[in-house]
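> Below is the sequence, then the predicted model.
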Amino acid sequence: MAQRKKVNDDEASGIAQLEKDGMSVVKSVDGQSFHETLKPAYVSYAKEFGADNIRRIQDYK
């Protein structure tokens, strides 16, 4: 539990630093749109790593 808090704190401070340095950070992602945009990459990955492996990754909850 303590490790998770450290990771969350590190992430938050890292994002804050990036924003302070002028980077625009997207904190809310449209999952469906993101998935659609990556379809060509999934096809390429399926050829390289096997369609079953990619499907298992995509189906992981």
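Arrived safely.
> mean confidence score for stretch 54-61?
The pLDDT scores in stretch 54-61 average 90.
> Identify the residues contacting that stretch?
Stretch 54-61 has contacts (CB atoms under 8 Å, 6 or more residues apart in numbering) with Y42, Y45, A46. Bear in mind the C-beta positions are built from the backbone N, C-alpha and C, glycine included.
> I'd like those as JSON lines, with distance to Q58 appended.
Shown next, in JSON lines, are the contacts of stretch 54-61 (distance: CB to CB, whole Å):
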{"residue": "Y42", "distance to Q58": "7"}
{"residue": "Y45", "distance to Q58": "10"}
{"residue": "A46", "distance to Q58": "10"}
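> Okay, and which of those residues map to helices?
Using DSSP state H, Y42, Y45, A46 are the members of the contacts of stretch 54-61 that sit in helices.
> so which of those comes closest to Q3?
Set against Q3, the nearest of these by CB to CB is Y45 (29.9 Å).
> Once you drop chain neighbours, what's closest to the closest one?
I54 (5.3 Å; CB to CB, 6 or more residues apart in numbering).
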